[in-house]
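Visitor: Take this sequence and fold it.
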Amino acid sequence: QITNMAKLFRDELTLDNIARPQLVSMCTYMGLQPYGADAFLRYQLRTRLRTLKEDDRRILWEGLDSLNRQELQEAWPGG
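Guide: Coordinates of the predicted model:
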């Protein structure tokens with residue numbers, strides 16, 4: 001299931017062509033409230049994806065050793 005979701009997240013333009021049931025599933029998977037118009041769900045997903053990418057870049061640049069225990073738990077999926 002995660003692999004299938006990951007494929008959908010590869011290209012943000014793909015979000016424009018996804019049907020509502022898939023948008024709702026993706027929002028739920030990402031911990032977002034799946035309420036509102038389709039455009040709002042796409043906006044939420046894009047915003048979350050950008051935030052995750054920025055976090056990943058920051059962690060890559062600074063290294064895992066720069067994170068304290070709480071930051072590691074927050075960065076870890078399901079943490």
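
Visitor: When you work out contacts or count neighbours from here on, use the C-alpha atoms and nothing else.
Guide: Fine.

Visitor: check which helix or strand covers residue 60.
Guide: helix 38-62 (DSSP states H and E).

Visitor: Quick check: buried residues in that helix?
Guide: For helix 38-62, the neighbour count (16 or more other CA atoms under 10 Å) marks 38, 41, 42, 44, 45, 46, 48, 49, 59 as buried.

Visitor: Flag the least confident of those residues.
Guide: Least confident entry in the buried residues of helix 38-62, by pLDDT: residue 59, with 79.

Visitor: Distance of that residue relative to residue 50?
Guide: 14 Å (CA to CA, to the nearest Å).

Visitor: Mean pLDDT per helix and strand in the protein: which one sits at the bottom?
Guide: Within the chain, no helix or strand scores below helix 2-9, which has a mean of 58 by mean pLDDT, DSSP states H and E.

Visitor: pLDDT (mean, whole number) over the helix or strand just after that one?
Guide: Downstream of helix 2-9, the next assigned helix or strand under DSSP H and E is helix 20-29. The average pLDDT for helix 20-29 rounds to 92.

Visitor: residues in contact with the residue of the chain most remote from its centre?
Guide: Centroid-distance maximum for the chain: residue 65 at 23.4 Å, with CA atoms, centre = their mean. Listed by CA atoms under 8 Å, 6 or more residues apart in numbering, residue 65 has no contact partners.

Visitor: Got phi/psi on it?
Guide: phi -60, psi -20 (degrees, to the nearest 10).

Visitor: Return the per-residue confidence for it.
Guide: Confidence score, pLDDT, at residue 65: 76.

Visitor: Can you tell me how far it is from residue 56?
Guide: Distance, residue 65 to residue 56, using CA to CA: 14 Å.

Visitor: Quick check: the gap between the residue nearest in space to the middle of the chain and residue 26.
Guide: By CA atoms, centre = their mean, the chain has its centre lying nearest to residue 49, at 4.2 Å. From residue 49 over to residue 26 the distance is 11 Å, taken as CA to CA.

Visitor: ok, the buried residues of helix 38-62 vs residue 70, which is closest?
Guide: Residue 70 lies nearest to residue 59 out of the buried residues of helix 38-62, by CA to CA, at 13.8 Å.

Visitor: picking that back up, now render the buried residues of helix 38-62 as TSV, adding distance to residue 73.
Guide: Below are these laid out as TSV (distance: CA to CA, whole Å):
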residue	distance to residue 73
38	31
41	26
42	27
44	23
45	22
46	23
48	18
49	19
59	13
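
Visitor: All set now, cheers.
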